[in-house]
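Enquirer: Pasting the sequence and the predicted model now:
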Amino acid sequence: MKAFSVIGISGTGKTTTIENIIAELKKRKYSVGSIKEIHFDGFAIDGPGTNTDRHRKAGSEIVTARGYHETDIMFSSKLPLEDILRFYDKDFVVMEGVTDYNIPKIACAGSEEDLERIIDRSVFAVSGKISLKLDNFRGIPAIDPVSDASRLADLVEKKVFEILPDFPADCCGACGFDCRELCCRILEGKSKRDDCIISESNIKLIVDDKEIAMVPFVQDILRGTLLGLIKNLKGYRKGKAIKIIIGGIRE
């Protein structure tokens, strides 16, 4: 699954940029999901006094509103993006306003001064209102999302890659860089997505049909522990694939 974020201050054309990219990607037969970051402390879908609000205040940790045309699942806390993405199985996930995740970004702005404050090496395109005034910014293409949506989608197809892990800098580094630096290097053409060796691991941990990323150190511990046990079992054959399935565990 590939993901990117459209960032910028309010009123600079983020949503317009996103809706045109989504429409263009759908024309190209991709499946698309989206995530909107709300920068408002008092935000809640659930209004005070509604039935679902009463459920939550009574202690329900997850509340679902199931209507004729949509289903809304409300958690009582802010979920990490990793947990949110477990609900998605799309070709592309487009995020609006997400700045703290290890993904490529498109920057929207109303002025060059705005761009100066938000641009970094993870930005591969400039769009929104500023794209009506500029052709590029520091060599990064500026593309009008309305009149040139096709070109912007072309760039998304070219630049956006499968989601990388986002481990702390001192946790992995098996590719020679931390995860954030590898993201930037891929966008700059200095590295490839395949340089993340976690993706090439011959041991995978899958929980509820979702793969859990593990740094090489953890992979080695899990592999060594399992092989140490399994080697003593009748039927073990060196070099053969091993599959272990554990059913639901109650803690």
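Expert: Good, I have the coordinates.

Enquirer: From here on, just use CA atoms for contacts and neighbour counts.
Expert: Fine.

Enquirer: so when I look at I84, I'm seeing a helix, right?
Expert: Yes. Counting by DSSP: H, G, I helix; E, B strand; the rest coil, I84 is part of a helix.

Enquirer: quick one: it from I103, how far?
Expert: From I84 across to I103, the span is 15 Å (C-alpha to C-alpha, to the nearest Å).

Enquirer: and the two? which has more neighbours close in?
Expert: Ranked by neighbour count (other C-alpha atoms under 10 Å), I84 and I103 place I103 first, with 26 against 11.

Enquirer: how about low-confidence regions in the chain?
Expert: Across the chain, residues meeting the criterion (pLDDT under 70) sit at 40, 43, 199-202, 216-217, 219-220, 248-251.

Enquirer: Do you have the helices of the stretch 101-250 of the chain handy? List them.
Expert: With DSSP state H, counting those that start in this stretch as the criterion, the stretch 101-250 of the chain has helices at 112-118, 149-159, 179-187, 216-230.

Enquirer: just these: most buried one?
Expert: Burial of the helices of the stretch 101-250 of the chain is given as mean neighbour count (mean count of other C-alpha atoms under 10 Å); helix 179-187 ranks first at a mean of 21.

Enquirer: Specify the angle between that one and helix 149-159 in degrees.
Expert: 120 degrees (axes from the mean of the first three to the mean of the last three C-alpha atoms, to 10 degrees).

Enquirer: Contacts for helix 179-187 next, please.
Expert: Under the contact criterion C-alpha atoms under 8 Å, 6 or more residues apart in numbering, helix 179-187 has outside partners 102-104, 121-122, 124, 159, 164-169, 173, 191-193.
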